[in-house]
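S.K.: Any chance you can model this:
(2 chains)
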Amino acid sequence: MTTLIRLEILRTLRNKRYLMFTVLYPALLYVFFINAYSGGEVAGGVPAKSYFMVSMATFGAVGAVLTGSAQRISLERKSGWTRQLRLTALPGRAYTVGKIASCAVTTLPAIAVVFAIGAVEGVRLGAAQWLGLGLALWLGSFVFAALGVALGYAAQPDAVQPMVMIVYMLMALFGGTWFPVSDSLKAFARFNPVYLYNQLASFTLPGHTLDTVAVAGLAGFLALFVAAAAHLYRQDTKQA
Amino acid sequence: MSSGTELNGGGEVAAFRQVSKSYGPVRAVNGLDLVLRPGETVALLGPNGAGKSSSLDLLLGLREPDRGSVTLFGGTPRAAVQAGRVGAMLQSGGLMGDVKVRELVKFACAVHPRGRGVDEVLRDAGIAGIAERKVDKLSGGQEQRVRFALAVAGAADLIVLDEPTTGMDVSVRQAFWASMRAQADAGRTVLFATHYLEEADSVADRVLVLHRGRLIADGTSAEIKARAGARRITFELHSADGAADVDEQVLRALPGVVALDVTARIEGVRTVRIRSTDADADVAGLYRAGLFPRGLEVTGLGLEQAFLTITGERDAEDAEDVQDAEHTASTEHTGTVKESVR
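M.R.: All right, here's what the predicted structure looks like:
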């Protein structure tokens, strides 16, 4: 199984277009936002450079895992590669584990590049906070990897692409990626995994600790997405 | 690791027992009964939609039968796959992108419980020369050979190939069959589906003909040809030779006649076409009956014609069945035999 996982990671890192999209795109957007706010603050008194460092890191991470898992799984189901894999001695889960592992590897540079720009632009955090924040965002991305796997097994490639884009954009729009979620919308945002994901960073704000409600919410979404993915996977093996 | 010594299930490589599989209203496989024995090279023939791919899917455990059972080496298909006893090349077997040919083959060898050496496999499949190329940049024929490499990445006892030569040009196809014969010579059982009948004729020890999900012929290529009426006899009867009024019954009574067709397009000349399993006796019988056949030709039927004949016969039978059914349905509609039908 490690052979497959290693090969999956290797080929993902080789795919330049994918890396451009997942690493460079959020980094460029981050630079754009810093300049747009010209060193100011967003609503709620958080400096724009700190706020968008987190939201662009999560934006990149979610994009990396959603496209990396959903689109690839759906394409490889269509091409018949998943069928071919079922004729090897590998256990059925090896394929999805490999996909999630390769996603997890690409979220690291997506997060790291945005953090590096943040540090250069003057975001000041302690070493433990940098590390903790990186770890929290990296672990949080697995929730979306599970969602990506579920979407990959849910439909054909031509349908998965728009599905991913719509889900991704809606979650980002109302999850605090482009602007802070207003108080009136916060009641709904609790049911948005991207919002909860962004909330993971709140412990870095003065006087805050880790948002356990967000952690619990994300754990709930993870359980839901894993169950959906497992169900859709089983359905797929019956049909293929 | 040669086959035969460690086989379970009484020397059966694979067995279908009363297997049926439907997709919605379409019955893809219908009551299939079939046993493959060690060391056989078996061709699976059938027109498109005959159920070839579905049968192979069932054999490999990619799908579950609705009814009946499929066993491989006496166990479940999945157990055989996990033990590395089966290698398969699927028609719709996509390949992993963004990797080199060598990396993909190496992966297949590494995960196989009886994995072979990468270089050996690359050579066997005739792809050593393109080993450093990206999988996404291959031609259709090259892709097929990479798929074949995946099928022979380990020392499997059974190799299953679904239309393996599709997309290959003639010379590549010949090289392909040579490497496949080497696999068979190593004692492996080979099952391949194809619609190139000459391949079945020249490669297989045993030919299976599948039609509408049913096995309608099973034998050597020679037996299949014989069953279809292996030779065609054509000649003309001219009334000038005093044979114009010959009764067709005389022709029909000739030994081994499978089909008889008499046309009279020109006045006084009748063209006779006979398909027969015993052409030699028929020609002798013609003269014995006092006939004088003109332009006599005896030609052999290829497997292709035999195949068309066998499936054509089955279509005709099915059409009769349908007519019967329609007839029953119409009488049912009028209400006369409503109760007796069901």
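
S.K.: how close does the residue in the stretch 101-250 of chain B that chain A sits nearest to get to A:Lys78?
M.R.: The stretch 101-250 of chain B approaches chain A most closely through B:Ala110 (4.6 Å), counting by CB to the nearest CB. For the C-beta atoms, the positions are set from N, CA and C on the backbone; glycine is no exception. From B:Ala110 across to A:Lys78, the span is 26 Å (CB to CB, to the nearest Å).

S.K.: try A:Met169
M.R.: Counting by CB to CB - A:Met169 and A:Lys78 are separated by 24 Å.

S.K.: neighbour-wise, which of those two wins?
M.R.: A:Lys78 (15 against 12; other CB atoms under 10 Å in any protein chain shown).

S.K.: Is the more buried one in contact with A:Gln156, as I believe?
M.R.: Yes - with contact defined as CB atoms under 8 Å, A:Lys78 and A:Gln156 form a contacting pair (6.3 Å).

S.K.: what sits against B:Pro77?
M.R.: Shown in contact with B:Pro77 (CB atoms under 8 Å, 6 or more residues apart in numbering or on different chains): B:58-61, B:70-71, B:86.

S.K.: now do 10 Å
M.R.: A:87, B:14, B:57-64, B:70-71, B:85-86 (CB atoms under 10 Å, 6 or more residues apart in numbering or on different chains).

S.K.: just the buried members of the residues you listed?
M.R.: Neighbour counting by 16 or more other CB atoms under 10 Å in any protein chain shown classes A:87, B:14, B:57-63, B:70-71, B:85-86 among those as buried.

S.K.: The residues you listed: which two are farthest apart?
M.R.: Spatially, the most separated pair among the buried ones among the contacts of B:Pro77 is B:Arg63 and B:Arg85, at 19.0 Å (CB to CB).

S.K.: And the residue nearest the centre of the chain?
M.R.: No chain in the question, so chain A it is. A:Val62 (2.1 Å; CA atoms, centre = their mean).

S.K.: I was thinking of chain B, sorry if that wasn't clear
M.R.: B:Leu45 (1.7 Å).

S.K.: Phi first, then psi, for the residue nearest to the centre of chain A.
M.R.: When read as degrees, to the nearest 10, the backbone of A:Val62 gives phi -60, psi -40.

S.K.: For stretch A:106-126, what does the pLDDT average out to?
M.R.: Stretch A:106-126 shows a mean pLDDT of 90.

S.K.: what residues does chain A put near chain B?
M.R.: Applying CB under 10 Å from any CB of the partner chain, we find that chain A lies next to chain B at A:1-4, A:6-8, A:10-16, A:18, A:72, A:75-92, A:94, A:237-240.

S.K.: circling back to that earlier point, could you tell me which of the buried ones among the contacts of B:Pro77 are located in strands?
M.R.: B:14, B:70-71, B:86 (DSSP state E).

S.K.: Next, work out how far apart B:Leu32 and chain A are.
M.R.: Distance, B:Leu32 to chain A, using CB to the nearest CB, to the nearest Å: 20 Å.

S.K.: Contact partners for that residue?
M.R.: Here B:Leu32 is in contact with B:16-21, B:51, B:54-55, B:58-59, B:65, B:68, B:70, B:208, B:210, B:213-215 (CB under 10 Å, 6+ apart).

S.K.: try 6 Å
M.R.: B:Leu32 is in contact with B:16, B:19, B:215, counting by CB atoms under 6 Å, 6 or more residues apart in numbering or on different chains.

S.K.: so how far is the host helix or strand of it from its chain's centroid?
M.R.: Secondary structure from DSSP states H and E places B:Leu32 in strand B:26-36. Offset of strand B:26-36 from its chain centre (CA atoms, centre = their mean, to the nearest Å): 13 Å.

S.K.: For it, buried residues please.
M.R.: Across strand B:26-36, burial judged by 16+ other CB under 10 Å covers B:27-30, B:32, B:34-36.

S.K.: Equivalent analysis for stretch A:103-117, please.
M.R.: A:103-115, A:117.

S.K.: Show me those that map onto helices.
M.R.: Those of the buried residues of stretch A:103-117 mapping onto helices are A:103-115, A:117, per DSSP state H.

S.K.: and which of the residues you listed is nearest B:Leu90?
M.R.: Of these, the one sitting nearest to B:Leu90 (CB to CB) turns out to be A:Cys103, at 26.7 Å.
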